[in-house]
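[1] All I have is the shape, not the residue letters:
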């Protein structure tokens, strides 16, 4: 039988993947060494750059003449071509490493080392000796994975990313001590976290780790089946793009925040407000257009448009998934009935987004990047967009399998797998568990606890919040604006709340009236 | 703010970025164009065009080499010679011509001028008349018509020109005559040149290369997608049938190209001309006479490809066409060479080559028409699968009802109705006639009279242990109940034992009741059908009237001979009849009888002589629907056979242990079943004390059997019944209490469709793990390419693999499953052949059949070879009946076929051997000649049998070792090398001239051969004489017999020829089956059925004859009954009237009383005129001489008139006989036909 995990084709693909990642790191090292410091290339270095470029030119020629599919001596053609690429990379690594050592650029040495590691890994794969993701790690991740852990870990990473966006001092409690005044107080010690997530070296390191993890994961057949499915390729790309833009925003925000803390203007304010239509606008657009065309042409050549199976009345595809951009909505359907998850929430999202300018009272942060000046707005929006939308898309795409069951990234999507789904309604809790009696036959009486709970949530909570947490908001917004704001926030919070209730109490419905199809 | 001169970005950097991106864009567009140009199908087509050109070049070169060059030279030389010979006359004629030409042209010129003048004057005249100027008009008239006028001149000049022209024509004719031969040769040269040019045109020209260049190929491409549009053969896209577009010919361009003699144009030899990796795509279909070819029954323009082969017809790349690799090696090769990959969302992938025949079933649902087609057996694997399914009784559990909206869309293998009610109901609905299949196992209704329970229970436990060749599958001791394998509990063997004991108990209890004539429905048990009332006691088994003693060696010896002669070996085999002695003794229609003595005994071990004797005398007493025919044995014969069968000792090969009873497990089993309708408490109480009476009424089904008070007997009956219904024993056996039970297995009607479209509906369970385990235990399996293939596909959940394993090891799907006892898989394990390799082949045959069951009713009727009536259906039904009752075991339906090279054979002169034949015989023989017999003689085909061979084995046309020449007697008229040969003609063919591959042995008649072999050993008779004593070949049977008589005969056969060793037994045929058989023979020979119109009995006909021959029938009768010492005609051998023929049986022919109903008049005429031209081996002589008429005193007239009269007398036999008996004075026979 064949090794389904690590076929020769996969190894070859991974070899080129590693080569590209190595190239990326060489580029990073070169950036750190040369360009970010305004260093110019000397004469002898140009020769090496020429050799490097010539190597890739040779590679392209070899590819054009079909050497890739022909055996060359003891090697397969593709391996020979790979060796040419590696040779070019080695030239580049030597150049960059020498320059960075000479100039004592520590970061560049690290990235060169990364490049070497990836290149070595790539060589192993090129000769079909590459490693696979250790089974222990796969099993561990699969065992750990689940909708709950996925949600909580993504929320935690999200929070951590925002919290540690810049170097900061942590006040860590180390024990209770009695003050001289006799009060018992937490004694803290300060730890300085020297890096922030928005620091380029840190995020570059994270990117390297992600790429390594991703590459190694591709050695797993089940992971590959899902991720490399032509439908899912754009989603994978989207994840990297979302990550990049989130980082970019935060990075610029942090820089501006630091500047403003020092009493300086934000970066944007120092720049001229007007630029020339030609060349600054039109030329750039032209280039962007050309690049987009190239990307689209290459994409259409390399990745065939995927088709699903035939529509069949008698056979529902399993899993039946919405288009990827709606997978967040579909995930909501797990927790709410269609009229809420499919009608009410999407409408509220649209209206809520439209309402933001009218609700927003914070005049700061306009025209430049900042985090510190609008933390609440940013956190709420990013929680809604990244956690509740993008990550739900990811969950729906990669981790929801047949039967809408949750599968770990390395698990086989077995259509026969049965997961226990025993859910109970709030009325069950109230009447059977707490009151110790059967449920009343009248739906109104039966669902009274749920109705009260919902009313409490929507009617009582806003004024309560206005007195407590959102006191300053209420004061600055006035009643009408505050109420719109509070209701929107409460609806947004309804989703994670229901998730929590489902996971912790197997709660299916708070209100369950079959008669009117009214279930919450 | 003032305008800035500084730009926001660095212009130099932007320029560089722009330059790089522009280069990238240019490169990507070049790549795009290249990608289009290098599309797979374009490359394939270019390769094919090159191959085609190479082929043409090759042909051209060959032509040039062989003939053209020399021929052209030769022609030119001949032309030069002819020219030289013609030169003197030609030169003279040419000289004349050139002189005359000037004259003619000059005369014509003058004439034209004159004509123009005339026309002009004419118009002036007309003008003058119109303008009323009579003088002027008169002047012009004069110039026109007057003497010496213009018209006269024109006439003169015309005559001059015509004379000159005639002279020229003459000269031209002289030249042509002189150059006649030269012109002829020129014509030939032009013709040859044209052919050469035609071939040249097919070459891959520079122009074509330019047209195929990238980009330019958009305008007038040399390569283009080709497709066959099939509007009627739709693809079922779930919602709608969508027309089929088969683009297969885009790459398979040579698929339907044939040479002039209809053989593949692109064969292996032609393919050697190309190095293209797509070489296999260019091959012509291997059977262009049957498929794809324009003159075949499945032309590609009408059928396309995918309707049979499957695959995605609209795909234009190797992968998207959904090719399916036949082996793992091929898969790897394809992946490497053609980037092959699975097309996941195309539900109709191409059939693997090994299942190619599965595609036939959707249009040929009856399957047997593929077996008996005019092209021979066109789908051997599928046909084998069909027969295996039939023989092993798969349909007993798995319904195969191939009808939809009363149209046949698949094979109909339904069981026949089991009760009278069901039959009546089925027959009321003409659209859904009752099923016709009989249960394949013996009836168990009277088992108590046959075998003892101790044997039965061991048999159930391990049938192969008693009879290795048995078709009874194994239910116990398998992977999920042997107590050893993962998925089986250690106490499973004990459970099995309990069940076996319970089944046996149930069977004997019920059977005992039936035999005793007692009511069969136990208290509380639900009644099946109308069986509440006690049925009449069955016919008891009679006591043998003769002493039967197996130890009596004399009696046994007689029995042994009878065993061979009475036809037992047509269906059975026996270890005492060795294969060396009788190589044909391989029949497996019935069970191997070697061991019967170990089986048929009573509880004390004494042989059950009474049962066997009765069974041999009349099987229907014991089993009403048995396939075993009534052999019409005498008491003595039956006694001898019984004695012999018991005299051969038998025993178990591998005897299983006697099952042991465990009362605790009985209770456990009952609890298991009761839990489905009772609570735990109730079930426990029921096991202790039975179900209380008041509760019983609320229960349904078998649970009522446990009504209190409970006994051990009731418990066993209950488990027995439950087990039988769980395992579906009634699918093969008649079991009392299960008359209305429904099949327990999955329906197979459309299983093939399900396996492809919905493999998710199949439960693959832990089969991959099981196969890995199997591989670990038996590493040699890795060497088996089929195992590797199926195991790999099993991981991908392919339906094909599922059924493969299901047939191989049905219970393995329970591997490591945690299942309750009664939830375990139930399909037993069938062993089709003890040899694993052959068993694997049989499994694939069954798979081929089952995968073909797709129940696709979207195919329009005229594509579907599923006739609803007419001769086609009759042939199909007849062929089914022939197989069902094993008729072909005794009767040859096709005599051996020899294909030989006539040019290497010295053929007799037909005129010399046909001198004695009547013209009417010659006519019929010529009409019977098979069309399409080869005229060139290279591949002469004759249907013939060996005559007068010394070695008995050679009867069936098998080539004997060492013989250099075969004496073959024709059984079908043939045109060999342009010479006409008749039936009965003998041709001696050198063994070396015979094409053994194209020749084929006889179809059927194995036992006839065996019997002839046997008889040859017994006597010194010739092969020809002996053939008359064994079951006759049924060739031209339809021409011979009247269907109405044949129908009667099949249902109740009478003895026709006294000489026969083995008379036709009485088969257990239904009326319908007999009718379809009778019609079958007529339909095969394109004769009338079901009734024959006998014109010879019409008064009008007889009156006409009477006018020519007064007292016609009387004299004819006289001819019939000639009995003088000098001349004896019919009465010499046949019984005519009351005159019994005395003589040895082999000298006596059939009683002529049978003739008028039995034989067709036309056949009879032929027969009387020339018996050997109808049946080569017959002993009947040709009594009438075409040249010198005899018997003139009895019936004056030419011989053919005598033959006709004889025929007419026979067709009116009864009337004539009556008249003759009434008195000689009655000259005029009473009118017939009223």
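    Ah, there it is. Only a predicted model underlies this, so the values are computations on that prediction, with no experimental measurement involved.

[2] by contact count, what packs against the helix or strand in which residue B:20 is found?
    Secondary-structure element containing residue B:20, defined by DSSP states H and E: helix B:11-37. For helix B:11-37, the contact count by 3 or more CB pairs under 8 Å, 6 or more residues apart in numbering or on different chains; DSSP states H and E identifies helix A:282-302 as packing neighbours. Backbone N, C-alpha and C define where each C-beta goes, glycine included.

[3] what mean pLDDT does the helix or strand following the helix it packs on have?
    Sequence-wise, the next helix or strand downstream of helix A:282-302 (DSSP H and E) is helix A:327-333. The predicted model assigns helix A:327-333 a mean pLDDT of 88.

[4] same thing with stretch B:457-464?
    95.

[5] For that stretch, which residues meet the burial criterion?
    B:457, B:458, B:459, B:460, B:461, B:462, B:463, B:464 (16 or more other CB atoms under 10 Å in any protein chain shown).

[6] ok, back up a step: so what's the gap between the helix or strand following the helix holding residue B:20 and the chain middle?
    Going down the chain from helix B:11-37, the next helix or strand is helix B:40-63, by DSSP H and E. Distance, stretch centre to chain centre, for helix B:40-63: 37 Å (CA atoms, centre = their mean, to the nearest Å).

[7] Quick check: which helices or strands does helix B:40-63 pack against?
    Right, helix B:40-63 is packed against helix B:180-201, helix B:268-271 by 3+ CB pairs under 8 Å, 6+ apart.

[8] Quick one: mean pLDDT over it.
    Rounded mean pLDDT across helix B:40-63 is 84.

[9] same check, this time on stretch A:147-164
    pLDDT averaged over stretch A:147-164 gives 91.

[10] if we look at it, which residues are touching it?
    A:193, A:195-197, A:250, A:371, A:379, A:382-383, A:386-387, A:391, A:395, A:399, A:406, A:496, A:499, A:503 (CB atoms under 8 Å, 6 or more residues apart in numbering or on different chains).

[11] So in the chain, where's the weakest helix or strand by average pLDDT?
    Just going to use chain A. strand A:71-72 (a mean of 80; mean pLDDT, DSSP states H and E).

[12] You answered for a different chain; I wanted chain B.
    Bottom-ranked secondary element of chain B by mean pLDDT, DSSP H and E: helix B:206-211, a mean of 71.

[13] right, and the helix or strand after that one?
    Using DSSP H and E, the helix or strand that follows helix B:206-211 in sequence is strand B:228-236.

[14] can you pull out the strands in the chain?
    I'll assume chain A. Here chain A has its strands, by DSSP state E, at A:71-72, A:75-76, A:168-178, A:184-193, A:512-513, A:518-519.

[15] I was after chain B.
    B:228-236, B:241-246, B:291-292, B:298-299, B:401-404, B:407-412, B:892-894, B:897-900, B:940-946, B:965-970, B:974-976, B:979-981, B:986-990, B:1003-1004.

[16] what's the angle from the second one to strand B:228-236?
    So that's strand B:241-246. Angle of strand B:241-246 versus strand B:228-236, following axes from the mean of the first three to the mean of the last three CA atoms, to 10 degrees, is 140 degrees.

[17] quick one, what contacts the residue of the stretch 1101-1234 of chain B found nearest chain A?
    Of all residues in the stretch 1101-1234 of chain B, residue B:1160 sits closest to chain A, with a separation of 55.4 Å (CB to the nearest CB). Listed by CB under 8 Å, 6+ apart, the contact set of residue B:1160 reads B:1039, B:1040, B:1041, B:1042, B:1087, B:1092.

[18] so which of those residues comes closest to residue B:306?
    For the contacts of residue B:1160, the minimum distance to residue B:306 (CB to CB) is 39.9 Å, reached by residue B:1087.

[19] now the longest helix anywhere in chain B and helix B:40-63, what's the angle there?
    Ranked by residue count under DSSP state H, the longest helix found in chain B is helix B:69-130. Counting by the same axes, to 10 degrees, helix B:69-130 lies at 100 degrees to helix B:40-63.

[20] circling back to that earlier point, which parts of the helix holding residue B:20 are buried?
    Using 16+ other CB under 10 Å as the test for burial, helix B:11-37 gives B:14, B:17, B:18, B:21, B:24, B:25, B:28, B:37.

[21] now do stretch A:104-115
    For stretch A:104-115, using 16+ other CB under 10 Å, the buried residues are A:105, A:107, A:108, A:109, A:110, A:111, A:112, A:114, A:115.

[22] Name the nearest residue to the fourth one, sequence neighbours excluded.
    The shortest distance from residue A:109 to any residue other than its chain neighbours is 5.3 Å, reached at residue A:100 (CB to CB, 6 or more residues apart in numbering or on different chains).

[23] so who does that neighbour touch?
    So residue A:100 contacts A:29, A:32, A:33, A:108, A:109, A:112 (CB under 8 Å, 6+ apart).

[24] mind showing which ranges of chain B have poor pLDDT?
    Along chain B, segments meeting pLDDT under 70 span B:1-5, B:63-70, B:195-206, B:518-536, B:931-938, B:948-963, B:1124-1127, B:1223-1234.

[25] Chain B contacts on chain A?
    For chain A, the contact set with chain B under CB under 8 Å from any CB of the partner chain comprises A:1-2, A:4, A:272-276, A:279-280, A:283-284, A:286-287, A:290-291, A:293-294, A:297-298, A:300-301, A:307-315, A:318, A:415-416.

[26] Of those, select the buried ones using a PyMOL command.
    Command for PyMOL that selects the buried part of the residues of chain A next to chain B, burial taken from 16+ other CB under 10 Å:
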select buried, chain A and resi 276+279+280+283+284+287+290+291+294+297+310
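
[27] helices or strands next to the biggest helix by length in chain A in the packing?
    Determined from DSSP H, the single longest helix within chain A is helix A:233-261. Applying 3+ CB pairs under 8 Å, 6+ apart, one finds that helix A:233-261 contacts helix A:267-270, helix A:391-394.

[28] which residues sit against the last one?
    In this structure, residues lying in contact with helix A:391-394 by CB under 8 Å, 6+ apart are A:150, A:154, A:235, A:239, A:324, A:325, A:327, A:328, A:331, A:332.

[29] give the contact list for residue A:387.
    A:154, A:155, A:158 are the contacts of residue A:387 under CB under 8 Å, 6+ apart.

[30] Identify, from the buried residues of stretch B:457-464, the entry nearest to chain A.
    Closest to chain A, out of all of the buried residues of stretch B:457-464 and judged by CB to the nearest CB, is residue B:464, at 31.3 Å.

[31] buried set for stretch B:823-832?
    B:824, B:825, B:826, B:827, B:828, B:829, B:830, B:831, B:832.

[32] do the same with stretch A:478-489
    Those buried within stretch A:478-489 under the rule 16+ other CB under 10 Å are A:481, A:482, A:484, A:485, A:486, A:488, A:489.

[33] where does the closest residue to the last one other than its chain neighbours land on pLDDT?
    Closest residue to residue A:489 apart from its sequence neighbours, by CB to CB, 6+ apart: residue A:380 at 7.2 Å. Looking at residue A:380, its pLDDT stands at 92.

[34] what about residue B:617, neighbour count?
    Neighbour count of residue B:617, defined by other CB atoms under 10 Å in any protein chain shown: 21.
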